[in-house]
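S.K.: Could you work out the structure for the sequence below:
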Amino acid sequence: MAWCQSEAAPQVQLPPWTEIQTVAEDCPSCGPEAIWQRLQQGEGSALARANQVIPGQTGQPHWAGFRLRATPGTATSYWLSLQSPTLDDAQLWWRYPSGDWVAQAQLQHTLPLSFGSGYLFAVWPIEIPFNGHIDVLVRIQGVNRVQFPLVLQTPAEYLLQQQRLCLLMGAVLAVPWVVVFYVLTVMRSFANPSLPIFLAMAVCETVGAFWISGLMNLYWPWLERVQAAWLGSMAYVLLMALSIHHARAFLRTPVYDPKVDRLLRWAAFCGWLALPVWVFFFSAGMRRALLYVGTFHAVCLLWLAWRNFLRYRRAYMAMYVAVWVVYLVSVVVYWLFRWFEWPLVVSLGAQFVQGAVVATLLGWSGCLQVLQHRHALQLRIDRNTERSRLYAAAQHDLWQPLQSMQLYARSLRGAPPTQQAHLLQGLQLASLYVDDFMHSLRYLADDKIHVLHDSQYQDCPLDKLLNEVVTEFIPHAHMRQVQLRCRTGPQSVWVHVPSLQRMVRNLLSNALRYGAAGGKILLGTRQQGELVWVWCIDNGQGMTPEQANACFQAFAGGLTNDHIPQSLGLGLYSVKQLSLQMNTPLRLHTKPGKGVAIGIGLRLTSFRSQERNPPCQPPTSLSTP
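M.R.: Reported below is the predicted structural model:
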């Protein structure tokens with residue numbers, strides 16, 4: 001039991017809770033005088049605890065009687081409030097000593113009603129005579145458990161308390177409704193079936209919160225408290241039914257868990273079937289059913305949420321688990337409130353905050369799910385787009401050599417003997433293109449670098465190896481009107497011949513592909529110490545620093561956002577992989593508009609007994625040739 005006392009001057013107090021006598025109404029026709037006589041004859045009982053619950057939910061009316069005394073120098077106008085917004089019906093009678101009992105109407109019944117002119121709690125104006133006292137009886141009737149949290153305050157004190165409570169509750173409710181407005185913006189772009197259900201749940205949660213906090217009677221004072229209780233209880237029943245549909249949509253049980261989905265559909269059907277039954281036949285027991293069914297409901301959905309979180313560990317799934325953890329905690333608080341008879345503010349405050357937290361978490365989990373699905377969808381779109389681009393590039397890389405092989409094969413059927421050697425050379429070159437492309441794909445699929453064994457190397461004249469490759473490209477260079485020259489020395493190198501020729505072939509193919517038509521390409525050598533460098537130099541458009549840093553990566557060549565790439569960009573990537581296999585260094589020099597020079601460092605045969613070079617790394621700096 002609570003009472004107020006001003007710090008400025010002594011004021012009238014409610015008597016200590018031990019002096020408040022309570023009694024059950026034994027007959028509907030009993031008036032306040034009969035009840036007061038019963039209390040005077042000792043039939044009433046004093047409260048054993050300040051927040052004692054008198055009976056369970058029986059619906060039987062109960063009375064509380066006490067006497068208010070004034071002291072010299074105190075005010076005579078007070079407001080007596082029953083600070084329990086969920087009690088259905090409360091009435092107050094008072095009298096002067098040896099006078100008649102007067103029924104005192106609540107304040108909202110004595111003033112003109114307009115929006116927002118009500119009060120959070122049932123409140124009555126009280127006038128106490130100077131240096132006198134009055135007798136007071138408070139009657140409570142409803143389906144809730146009966147308690148008497150009576151507070152006596154001056155009007156200013158009550159209004160200040162109400163203002164502070166409204167500000168606090170407004171701050172708490174603002175958080176979930178910010179999430180609600182964000183969900184509304186997300187719904188405009190993404191159709192997610194769980195979001196409309198969440199909005200309906202947020203409305204139901206808000207209606208319930210308005211009831212248990214008294215805001216419903218504050219803003220709509222023409223509503224009786226029993227009507228507000230009916231609306232709030234209905235909102236919580238609808239909330240439970242909607243949460244089942246939300247679980248189906250959020251967890252996507254029709255797709256991923258058909259057995260659980262059948263159970264949820266059955267539970268939702270039972271909920272919607274029981275709703276009209278509760279409303280029309282068992283409305284008095286609705287709040288008790290909400291407690292028991294709500295506890296079972298929270299446990300089941302928490303289990304289901306945790307089960308899905310273990311399968312799909314996502315942030316939005318963790319938030320969904322937190323929703324039902326918070327809900328279950330509030331249920332536990334309510335059970336403890338019933339057991340330990342805590343103050344009503346503990347239960348109602350916990351339930352109010354729980355509603356706001358649940359709505360916030362539920363909204364954010366839905367938004368995170370939508371954003372993650374959008375991200376996954378965007379990744380699929382990007383992947384499909386990239387796949388289409390790569391398919392187009394692969395087709396381009398393979399189409400030309402395969403078409404050339406087909407043309408050479410047709411030409412060989414009727415070609416004179418003097419032209420067959422030339423046609424066979426072109427056919428061989430086209431087949432080498434295809435072979436190099438397939439090897440590049442093999443390097444791309446294999447994450448490991450397999451360094452070649454010394455037994456796979458041999459001593460070969462460098463000029464012979466390079467001239468063979470250059471000869472293959474002379475017809476292609478003539479078609480592009482490119483001047484292709486080869487300047488080599490008599491050096492002999494210790495090398496894996498197929499890998500070196502494939503590297504040089506990729507360099508020449510890359511220079512012809514990206515070099516300017518009518519330009520020049522030089523394949524030359526230069527000795528530096530124990531290495532001889534094979535340089536492929538063109539005077540094409542060159543590379544930017546960004547292109548140079550990425551040119552040895554897969555899919556780097558020719559990729560743009562607006563056009564189909566001209567190739568997969570595996571040429572220089574293949575060169576890099578082969579250099580790692582042969583343990584040979586690479587160098588790159590380029591400048592936009594000036595061309596590109598790429599060099600391969602090969603060990604001279606005379607130095608093969610010395611320690612092999614360390615594995616080469618991609619170029620880290622650029623310089624002009």
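
S.K.: Pop out the phi and psi values for Thr86.
M.R.: phi -90, psi 0 (degrees, to the nearest 10).

S.K.: What is the neighbour count of it?
M.R.: Residues within reach of Thr86, counting by other C-beta atoms under 10 Å, total 21. All C-beta spots, glycine's among them, are computed from the backbone N, C-alpha and C.

S.K.: residue contacts, it?
M.R.: With contact set as C-beta atoms under 8 Å, 6 or more residues apart in numbering, Thr86 has these partners: 144, 211-212, 229, 232, 348.

S.K.: ok, 10 Å please
M.R.: 142-144, 211-214, 225, 228-229, 232-233, 287, 344, 347-348, 351 (C-beta atoms under 10 Å, 6 or more residues apart in numbering).

S.K.: Where does Val331 fall, secondary structure wise?
M.R.: In this assignment (DSSP states H and E), Val331 forms part of helix 315-340.

S.K.: Please disregard the earlier target; I meant Ala274.
M.R.: Using DSSP H and E, Ala274 maps to helix 258-281.

S.K.: Which parts of that helix count as buried, going by neighbours?
M.R.: For helix 258-281, the buried set under the neighbour-count rule, 16 or more other C-beta atoms under 10 Å, comprises 260-261, 264, 267-268, 271, 274-275, 278.

S.K.: so how many other residues sit close to the residue lying closest to Leu424 once chain neighbours are set aside?
M.R.: Excluding its sequence neighbours, the residue lying closest to Leu424 (C-beta to C-beta, 6 or more residues apart in numbering) is Leu412, at 7.2 Å. Neighbour count for Leu412, taken as other C-beta under 10 Å: 14.

S.K.: Would you mind confirming that Leu412 is in contact with Gln420?
M.R.: Yes. With contact defined as C-beta atoms under 10 Å, Leu412 and Gln420 form a contacting pair (6.2 Å).

S.K.: On the three-state scheme, Phe198 is what?
M.R.: Secondary structure state of Phe198, per DSSP: H, G, I helix; E, B strand; the rest coil, is helix.

S.K.: Report how many residues lie close to the closest residue to it other than its chain neighbours.
M.R.: Of all residues not flanking Phe198 in the chain, Gly366 sits nearest, at 5.2 Å (C-beta to C-beta, 6+ apart). Neighbours of Gly366 under the rule other C-beta under 10 Å: 27.

S.K.: name the element Gly366 belongs to?
M.R.: Using DSSP H and E, Gly366 falls in helix 344-414.

S.K.: buried sites along stretch 161-172?
M.R.: 161-162, 165-166, 169, 172.

S.K.: quick one: Gly59 is in a strand?
M.R.: No. Going by three-state DSSP, the assignment for Gly59 is coil, not a strand.

S.K.: Do I have it right that it meets Val226?
M.R.: No. In this structure, Gly59 is not within contact of Val226 by C-beta under 10 Å, at 11.6 Å.

S.K.: The helix or strand encompassing Leu484: partners in the sheet, and parallel or antiparallel?
M.R.: Secondary structure from DSSP H and E places Leu484 in strand 483-487. Partners of strand 483-487 in the sheet, by DSSP bridges, are strand 520-528 (parallel).

S.K.: Give me the helices and strands touching the helix or strand just after the partner strand, please.
M.R.: The first helix or strand that comes after strand 520-528 along the chain, using DSSP H and E, is strand 531-538. On a contact count with 3 or more C-beta pairs under 10 Å, 6 or more residues apart in numbering; DSSP states H and E, strand 531-538 meets helix 462-479, strand 483-487, strand 492-495, helix 497-514, strand 520-528, strand 586-591, strand 595-603.

S.K.: can we see that at 6 Å?
M.R.: helix 497-514, strand 520-528, strand 595-603 (3 or more C-beta pairs under 6 Å, 6 or more residues apart in numbering; DSSP states H and E).

S.K.: Give me the contact list for that strand.
M.R.: Strand 531-538 has contacts (C-beta atoms under 6 Å, 6 or more residues apart in numbering) with 491, 507, 511, 515, 521-526, 595-602, 604.

S.K.: Restricted to buried residues, select those residues in ChimeraX.
M.R.: Restricted to buried positions by 16+ other C-beta under 10 Å, the ChimeraX selection for those reads:
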select :491,507,511,515,521,522,523,524,525,595,596,597,598,599,600,601,602,604
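
S.K.: Now do stretch 321-341: distance to the chain's middle.
M.R.: Average the C-alpha atoms of stretch 321-341, do the same for its chain, and the two points are 26 Å apart (C-alpha atoms, centre = their mean, to the nearest Å).

S.K.: What is the least confident helix or strand in the chain?
M.R.: When the helices and strands of the chain are scored by mean pLDDT, DSSP states H and E, helix 417-445 comes last with a mean of 69.
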